[in-house]
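> show me how the following folds:
(4 chains)
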Protein chains: 2
Amino acid sequence: MENRIEDKKMEQQLPSTEEKIKEAARRVFTLKGYAATRTRDIAEESGHNLALLNYYFRSKEKLFDIIMMENLEFFIRDVLGIINDAGTTLEQKLELLVEHYIDMLVQNPTLPIFILNAVNTDPKGLIDKITIDSLLDQTQLAKQWKEMAAKHPLPINPLHIFLNVLSMTVFPFVASPIIKMKLGVTDDAFQQLMQERKKLIPIWVKSMLQIS
Amino acid sequence: MENRIEDKKMEQQLPSTEEKIKEAARRVFTLKGYAATRTRDIAEESGHNLALLNYYFRSKEKLFDIIMMENLEFFIRDVLGIINDAGTTLEQKLELLVEHYIDMLVQNPTLPIFILNAVNTDPKGLIDKITIDSLLDQTQLAKQWKEMAAKHPLPINPLHIFLNVLSMTVFPFVASPIIKMKLGVTDDAFQQLMQERKKLIPIWVKSMLQIS
DNA sequence: GTCTATAAAGTGATAGAC
DNA sequence: GTCTATCACTTTATAGAC
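Predicted coordinates:
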């Protein structure tokens, strides 16, 4: 028993070779995409030899599939918890979602362009692996949304609102190289802008709901 | 003189080999990006041989540079005309810009992901080639914006508004594979959604200006 | 498990015939 | 100008020693 606990501690301190290669692959793939990444880049980044990549993951494609699925899972992790919380209002859920995504994207700024590029070029049926649960309309969010819509019917497709939240939250990260280099916005100024948007986006969305 | 006119007619009817290769390159590069494109793909798409690609353009990289510059130029073409028109109000300029971009992106849906992917991975200093004129603050749009801001000062960074217009207009096209395949939106429904947004986005933006 | 060496296939570019 | 054939190099993947 003591040994197993000590082993666990060791594993946390010293990640296995397999884990080191996988994390190296995540960094390189997420930064450069599938086609521009060479297996040698990943091997070098991991501090090990190229052959070990194939020893643990068989092929570049299989390794990419793992990274892609984990990145997708990471992208929607925590979201179900927020939209299924019976203890928060619709308004609070909106605020929590925007805040969560901005915080997460500040830490992982290249994640959106990685996903968007993959689904747009779609090496194979990668898009089928995205799990936007079809149970989505059974969530607390959906329930509360319908209650609101019953009182104040929207004259527009609700998809517009969903698209606007996603657009205003995610797009700035995708366009950040242009914003920073061409609009003369420093890294710090960009970070501050994103922090401001945590409060602003919910306000804007609420006003959309009122005028629509 | 007559001969030159006839020659021009001929050129329009039968595009030169060079032109056919360039247009094939535009289609493939804009769809798959630089790294995932093979010169053989372009040759095949053009209906000619691989060797002709190098005969006319020397290298894959040089050909890509041409396509990238032309795509960027196309992306901002017509915009200067709209924002520099002294005969339209600020509100009209906003409506014209959104309408122009949605119409253009309906015809060229893969253009944004091509540009965004390029500037995010940035093979070389490609980002330097983007010409967002530093004379931008001397346009009619900038003048009219300042007049408005003088009357009703904005408590937020104006960049937020610019980002929102760009986000709500462009992002849906970048995310369209997910919207279509995962949210069950048909091609026709997506097109209609974008048409609706021509009217809606200016309305939303105006409400942002009022509540801010 | 990890490495070196190398096979096998892919890709950009060119030579040379027509 | 356009083609076929081929070179030169890169890249993925594997064999085999340790």
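> residues from chain A in reach of DNA strand D?
In this structure, chain A approaches DNA strand D at residues A:37, A:38, A:39, A:40, A:50, A:51, A:54, A:58, A:59, A:60, A:61, judged by Cβ under 7 Å from any atom of the strand. Yep, even glycine has a C-beta here, placed from its N, CA and C like the rest.
> between the residues you listed, which is closest to residue A:78?
For the residues of chain A next to DNA strand D, the closest approach to residue A:78 (Cβ to Cβ) belongs to residue A:37, at 27.5 Å.
> okay, now the domains of chain A?
As given by automatic domain parsing, the domain ranges for chain A are A:2-67, A:78-211.
> and the longest one, how far out from the chain middle?
Centroid separation for domain A:78-211 versus its chain: 10 Å, with Cα atoms, centre = their mean, to the nearest Å.
> show me the contacts for residue A:166.
For residue A:166, the set of contacting residues under the criterion of Cβ atoms under 8 Å, 6 or more residues apart in numbering or on different chains consists of B:171, B:175.
> let's see it at 10 Å
Applying Cβ atoms under 10 Å, 6 or more residues apart in numbering or on different chains, one finds that residue A:166 lies in contact with A:97, A:98, A:101, A:112, B:167, B:168, B:171, B:172, B:175, B:178, B:179.
> the residues of chain A next to DNA strand D also near DNA strand C: which ones?
Checked against DNA strand C using Cβ under 7 Å from any atom of the strand, those yield the following neighbours: A:50, A:51.
> just the ones of the residues of chain A next to DNA strand D in helices?
Counted as lying in helices by DSSP state H, out of these, are A:39, A:40, A:50, A:51, A:54, A:60, A:61.
> got these as TSV, with pLDDT columns?
Formatted as TSV, these follow (pLDDT from 0 to 100):
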residue	pLDDT
A:39	98
A:40	98
A:50	98
A:51	98
A:54	98
A:60	98
A:61	96
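> tabulate those residues (JSON lines), appending neighbour count and distance to chain B.
Converted to JSON lines, these look like this (neighbours: other Cβ atoms under 10 Å in any protein chain shown; distance: Cβ to the nearest Cβ, whole Å):
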{"residue": "A:39", "neighbour count": "17", "distance to chain B": "14"}
{"residue": "A:40", "neighbour count": "11", "distance to chain B": "15"}
{"residue": "A:50", "neighbour count": "15", "distance to chain B": "19"}
{"residue": "A:51", "neighbour count": "10", "distance to chain B": "24"}
{"residue": "A:54", "neighbour count": "15", "distance to chain B": "21"}
{"residue": "A:60", "neighbour count": "17", "distance to chain B": "13"}
{"residue": "A:61", "neighbour count": "11", "distance to chain B": "13"}
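> out of these, what pair is the most spread apart?
With Cβ to Cβ as the measure, no two of those lie farther apart than A:51 and A:61, at 16.9 Å.
> quick one on the thing from earlier: export the contacts of residue A:166 as CSV, with columns for neighbour count and pLDDT.
Written out in CSV, the entries for the contacts of residue A:166 read as follows (neighbours: other Cβ atoms under 10 Å in any protein chain shown; pLDDT from 0 to 100):
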residue, neighbour count, pLDDT
A:97, 20, 98
A:98, 21, 98
A:101, 21, 98
A:112, 25, 98
B:167, 22, 98
B:168, 22, 99
B:171, 24, 98
B:172, 25, 98
B:175, 24, 97
B:178, 18, 93
B:179, 20, 95
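> weakest of the domains of chain A by average pLDDT?
Here the domains of chain A differ in mean pLDDT, and the lowest is domain A:2-67 at a mean of 88.
> can you say which helix or strand has the most centrally placed residue in chain A in it?
Nearest to the geometric centre of chain A sits residue A:75, at 2.9 Å (Cα atoms, centre = their mean). Here residue A:75 sits within helix A:60-76, counting by DSSP states H and E.
> the helix or strand following that helix vs chain B: in contact?
Next in sequence after helix A:60-76, counting helices and strands by DSSP H and E, comes helix A:79-83. No. When contact is scored as Cβ under 10 Å from any Cβ of the partner chain, no part of helix A:79-83 falls within range of chain B; the minimum is 14.0 Å.
> only C-alpha atoms, please: export helix A:79-83 in CSV.
As requested, C-alpha coordinates have been extracted for helix A:79-83 and formatted as CSV (Å, rounded to 0.1, in the frame of the first residue of the first chain):
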residue,chain,number,x,y,z
VAL,A,79,-19.6,23.7,-19.6
LEU,A,80,-22.1,21.0,-18.9
GLY,A,81,-21.7,21.8,-15.2
ILE,A,82,-22.5,25.4,-15.8
ILE,A,83,-25.5,25.0,-18.1
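> so which residues make contact with it?
Counting by Cβ under 10 Å, 6+ apart, helix A:79-83 makes contact with A:88, A:90, A:92-97, A:99-101, A:104, A:132-133, A:135-136, A:139-142, A:144-145, all of which sit outside it.
> could you rerun that using 6 Å?
Helix A:79-83 is contacted from outside by A:93, A:96, A:97, A:139, A:141, using Cβ atoms under 6 Å, 6 or more residues apart in numbering or on different chains.
> now do stretch A:117-128
A:33, B:32, B:113, B:117, B:177, B:178, B:181.
> residue contacts, residue A:171?
Applying Cβ under 6 Å, 6+ apart to residue A:171 gives the contacts B:167, B:171.
> where does residue A:144 fall, secondary structure wise?
Counting by DSSP H and E, the secondary-structure element that holds residue A:144 is helix A:140-151.
> using CSV, list the CA coordinates for that helix.
Output in CSV follows, covering the C-alpha atoms of helix A:140-151 (Å, rounded to 0.1, in the frame of the first residue of the first chain):
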residue,chain,number,x,y,z
GLN,A,140,-31.4,23.6,-17.2
LEU,A,141,-30.2,26.3,-19.6
ALA,A,142,-32.6,25.1,-22.3
LYS,A,143,-35.4,24.9,-19.8
GLN,A,144,-34.9,28.4,-18.5
TRP,A,145,-34.5,29.7,-22.0
LYS,A,146,-37.9,28.3,-23.0
GLU,A,147,-39.5,29.8,-19.9
MET,A,148,-38.1,33.2,-20.9
ALA,A,149,-39.1,32.8,-24.5
ALA,A,150,-42.7,31.9,-23.4
LYS,A,151,-43.0,35.3,-21.6
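> now the element after that helix, going C-ward?
Once the chain leaves helix A:140-151, the following helix or strand, as judged by DSSP H and E, is helix A:158-174.
> that next one versus helix B:158-174: what angle between them?
Direction vectors for helix A:158-174 and helix B:158-174, defined by axes from the mean of the first three to the mean of the last three Cα atoms, to 10 degrees, enclose an angle of 110 degrees.
> hey, C-alpha coordinates of helix A:158-174 in CSV?
Only the C-alpha atoms of helix A:158-174 are listed here, as CSV (Å, rounded to 0.1, in the frame of the first residue of the first chain):
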residue,chain,number,x,y,z
PRO,A,158,-32.3,32.0,-31.1
LEU,A,159,-29.3,30.7,-33.0
HIS,A,160,-28.3,34.3,-33.6
ILE,A,161,-27.9,34.9,-29.9
PHE,A,162,-25.8,31.7,-29.5
LEU,A,163,-23.7,32.7,-32.4
ASN,A,164,-23.1,36.2,-31.1
VAL,A,165,-22.0,35.0,-27.7
LEU,A,166,-19.6,32.5,-29.3
SER,A,167,-18.3,35.0,-31.8
MET,A,168,-17.7,37.9,-29.4
THR,A,169,-16.0,35.6,-26.9
VAL,A,170,-13.8,33.4,-29.2
PHE,A,171,-13.1,35.4,-32.3
PRO,A,172,-10.8,38.0,-30.7
PHE,A,173,-8.4,35.1,-29.8
VAL,A,174,-8.4,33.8,-33.3
